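# have a look; sequence and predicted model below, questions after that.
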Amino acid sequence: MNYVNGKFEEGEGNEKYEVFNPAFGERISVVREAKREEVDRAVDLALDAQKKWMKVPISDRIKYLFKLENLMWDRIDQIAEVTTIEHGKTFEESRGDVVRAIQNVESAAAASYQIMGRNNKQIANGIDEELVRVPIGVFAVISPFNFPVMIPFWFFPYAVTLGNTVVVKPSEKTPMSMEMIMSLVRDAGYPEGVIQLINGGREAVDHILENKKVAGISFVGSTPVAEYVYKKGTSNRKRVQGGASAKNYVLVMPDADLEGVISNIIGSFYGNAGERCLAGSVLVTFPENHDRVLNLFRKHASELKVGYGMDKETDMGPLIRREHMERVEKFIELGQNEGGKLVLDGRNSKPKKYPGGFFLGPSIVDGVSEGMAVMKEEIFGPVASFYTADSFEDAIDAINSSRYGNASSIYTTSGLYAKKFSDSVNAGNIGVNVGVAAPVAFYPFAGMKDSFFGDLHPQGGDDGIMFFTDRKVIISKW
Ligand code: NAD
């Protein structure tokens, strides 16, 4: 369902995308591709709403966030359950997705106040100059399947509280949790047209890109689509910020307290079934600690219970679609064909209880070298590749040779190596003894190289304020 002008609507486009419960492999819903007229109408209504909304004092706009936050806490388990049903991740992971969304609601409230009362200066006797931040208009938020709740919240709470209105277009693979969020938006009392939901896939995105009244786009997804949205959006005079694909390297130094951190490392590679833009993908060791790390890692990985995310004992859920599961399995084959050694084969650990599900257990390919597909391409699944570096410098070179720069982590007890690593790795989010280097809501969600398009990053702090407002400098003499 779409949500336009405060009402849920069926939509008029063709039923185009099947939605599955990936644990059962069963179709549970279908998504219509929004027609151009539907997108244009949602944008027109959002623009009308924006003209009134921008005049609402910011202190009042913020109050809607408080209501929304309370409603989200009240309904957190239901939102998490819907997320698990449509996405597959475990219930606890889904809850984490919602909690991160709520943190962005809080961060948006705090950040929005900061645009008031700053930069007002008397520049000479009788002459005042002030910088005023003003809202821009209608923004579109286009999100991927892997964090269906959190990622739209990286953007829309900031956009609307700063006086803009938004059209949200979630992934056609996971549309249901955002539909539930829209019922909370309605219950929070947001005026009609301030927050709209439009469903669809590639065509709906094109309608957004081609609509002249959309002022800016916040996109998160794969690199080819991010690049397409960035180029087409900016050539149509829109602001665009685009989070994109990743290949993340985790370096374990010989001095690391391995027993103490192993579950954290395992969580980085296999949490969210590896479908996380911050997931560890390549584990870098040295000849002196390789066997020790591999043995412990394999032991813990093989103990993970793969299953339906609503079952309490499940540690890791299914992948999003059968085609994606098959694609990840191809990487396992490719890893072997290109010279790696398969030391844990997740194709053998599919849960018998759910024969139709898109499951793949934790897998490990050892002995990978530079140039191999599993060393450099995004897999987005539960496959860990082990690379042995000759030296610290070799490790850094291997990490920095990636086209991506989303995240990278080091495990060490040495402050010197931690510092050298943080200084020299070209990735936006750096973890020191932290395997999922996810910035909290009041920090920008960074990302470099082919992992990000644009200048201002998702989430709070100055980036959110800068992206969703324009500057006006007023000089006055009395
Ligand atoms: P995707 O690129 O397939 O889809 C993202 C969005 O773009 C969806 O809303 C989809 O409907 C739309 N889309 C898909 N194909 C399109 C096309 N040809 N033209 C226009 N729009 C199109 O990504 P996904 O598979 O949903 O998500 C996984 C990807 O997202 C991974 O590469 C992952 O690394 C990345 N990701 C990045 C971050 C980050 O912050 N950098 C965060 C989460 C996910």
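Nice, thanks for sending it over.

# from now on I want contacts and neighbour counts done on CA atoms only, so please keep to that.
Fine.

# separation between the closest residue to Pro287 other than its chain neighbours and Ala398?
Distances taken as C-alpha to C-alpha, 6 or more residues apart in numbering put Thr388 closest to Pro287, at 6.4 Å, once the chain neighbours are dropped. According to C-alpha to C-alpha, to the nearest Å, Thr388 stands 10 Å off from Ala398.

# ok, now Glu93?
In terms of C-alpha to C-alpha, Glu93 sits 31 Å off from Ala398.

# and for Gly335?
For Gly335, the distance to Ala398 - C-alpha to C-alpha - is 17 Å.

# closest residue of the stretch 251-400 of the chain to the ligand?
Cys277 (4.1 Å; C-alpha to the nearest ligand atom).

# burial count for the closest residue to that residue other than its chain neighbours?
Nearest residue to Cys277 in three dimensions, chain neighbours excluded: Ala246, at 5.6 Å (C-alpha to C-alpha, 6+ apart). Here the number of neighbours of Ala246 (other C-alpha atoms under 10 Å) works out to 32.

# Ala246 and Gly274 touch, don't they?
No - applying C-alpha atoms under 8 Å, one finds Ala246 not in contact with Gly274, separated by 11.4 Å.

# follow-up on the earlier one: tell me the contacts of the residue nearest to Cys277?
The contact partners of Ala246, by C-alpha atoms under 8 Å, 6 or more residues apart in numbering, come to Cys277, Leu278, Glu378, Tyr404, Gly405, Asn406, Ala407, Asp450, Ser451.

# in a strand, the residue of the stretch 251-400 of the chain closest to the ligand, correct?
No - assigned with DSSP: H, G, I helix; E, B strand; the rest coil, Cys277 falls outside any strand and is coil.

# against which helices or strands is the helix or strand containing Arg292 packed?
Element membership for Arg292, per DSSP states H and E: helix 290-302. Applying 3 or more C-alpha pairs under 8 Å, 6 or more residues apart in numbering; DSSP states H and E, one finds that helix 290-302 makes contact with helix 258-270, strand 341-344.

# most tightly surrounded among those?
helix 258-270 (a mean of 19; mean count of other C-alpha atoms under 10 Å).

# does that one come close to the ligand?
No - Helix 258-270 stays clear of the ligand (C-alpha under 6 Å from any ligand atom), getting no nearer than 13.5 Å.

# that helix to helix 290-302, inter-axis angle?
Between helix 258-270 and helix 290-302, the angle comes out at 60 degrees (axes from the mean of the first three to the mean of the last three C-alpha atoms, to 10 degrees).

# show me what helix 258-270 is packed up against.
strand 280-285, helix 290-302, strand 383-388.

# what about 10 Å?
Here helix 258-270 touches strand 248-252, strand 280-285, helix 290-302, strand 383-388, strand 407-411, going by 3 or more C-alpha pairs under 10 Å, 6 or more residues apart in numbering; DSSP states H and E.

# was I right about Asn400 contacting Asn426?
Yes - here Asn400 reaches Asn426: they are 6.0 Å apart, a contact under C-alpha atoms under 10 Å.

# so who does the spatially most central residue of the chain touch?
What sits nearest the mean C-alpha location of the chain, by C-alpha atoms, centre = their mean, is Ile151, with 4.9 Å. By C-alpha atoms under 10 Å, 6 or more residues apart in numbering, Ile151 lies in contact with 97-98, 100-101, 104, 141-145, 170, 218-220, 458-459.

# ok, Gly11 next?
Contacts of Gly11 by C-alpha under 10 Å, 6+ apart are 1-4, 31-35, 38, 198-200.

# for Ala446, the count of nearby residues, please.
Ala446: 22 neighbours (other C-alpha under 10 Å).

# up against the ligand, what does this protein have?
142-146, 170-172, 201-202, 205, 220-222, 225, 243-246, 277, 451.

# re earlier: can I take it that the residue nearest to Cys277 is in a helix?
No - the assignment for Ala246, made by three-state DSSP, is coil rather than a helix.

# phi, psi of it?
Main-chain torsions, Ala246, degrees, to the nearest 10: phi -150, psi 160.

# measure it to Leu319 for me?
17 Å.

# likewise for Arg347?
Distance from Arg347 to Leu319, by C-alpha to C-alpha: 13 Å.

# quick revisit: reformat the helices and strands packed on helix 290-302 as TSV; add mean pLDDT.
Formatted as TSV, the helices and strands packed on helix 290-302 follow (pLDDT from 0 to 100):
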stretch	mean pLDDT
helix 258-270	96
strand 341-344	98
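
# Met372: which of the ones you listed is closest?
In terms of C-alpha to C-alpha, the element of the helices and strands packed on helix 290-302 nearest to Met372 is strand 341-344, at 12.4 Å.

# okay if I get the helices and strands packed on helix 258-270 as CSV plus mean neighbour count and distance to Lys212?
Formatted as CSV, those follow (neighbours: other C-alpha atoms under 10 Å; distance: least, C-alpha to C-alpha, whole Å):
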stretch, mean neighbour count, distance to Lys212
strand 248-252, 29, 37
strand 280-285, 27, 39
helix 290-302, 17, 50
strand 383-388, 26, 42
strand 407-411, 27, 35
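
# note down every partner strand of the lowest-mean-pLDDT helix or strand in the chain and its orientation.
None of the helices or strands of the chain scores lower by mean pLDDT, DSSP states H and E than strand 121-124, at a mean of 74. Applying DSSP bridges to the sheet, strand 121-124 is found paired with strand 127-135 (antiparallel).

# what's the first helix or strand after the partner strand?
Past strand 127-135, the next helix or strand by DSSP H and E is strand 138-142.

# just checking: what are the partner strands of that following strand?
With DSSP bridges as the test, strand 138-142 pairs up with strand 165-169 (parallel), strand 214-220 (parallel).

# neighbour count for Arg347 and Leu319, which is higher?
Higher neighbour count among Arg347 and Leu319: Leu319, with 29 against 14, using other C-alpha under 10 Å.

# the helix ranked longest in the chain packs against which elements?
In terms of residue count, the longest helix belonging to the chain (DSSP state H) is helix 91-113. Applying 3+ C-alpha pairs under 10 Å, 6+ apart, we find helix 91-113 packed against helix 58-74, helix 76-87, helix 150-153, helix 156-161, helix 461-468.

# that helix to helix 58-74, inter-axis angle?
170 degrees.

# all numbers from here: first residue = 4
Sure, I'll start counting at 4 from here, so that last one is helix 94-116.

# can you list the buried residues in helix 94-116?
94-115 (16 or more other C-alpha atoms under 10 Å).

# what of stretch 308-315?
Lys308, Val309, Gly310, Tyr311, Gly312, Met313.

# same check, this time on stretch 398-408
Result for stretch 398-408 [16+ other C-alpha under 10 Å]: buried residues Ala398, Ile399, Ala401, Ile402, Asn403, Ser405, Arg406, Tyr407, Gly408.

# endpoints of it, how far apart?
One end of stretch 398-408 sits 15 Å from the other (C-alpha to C-alpha).
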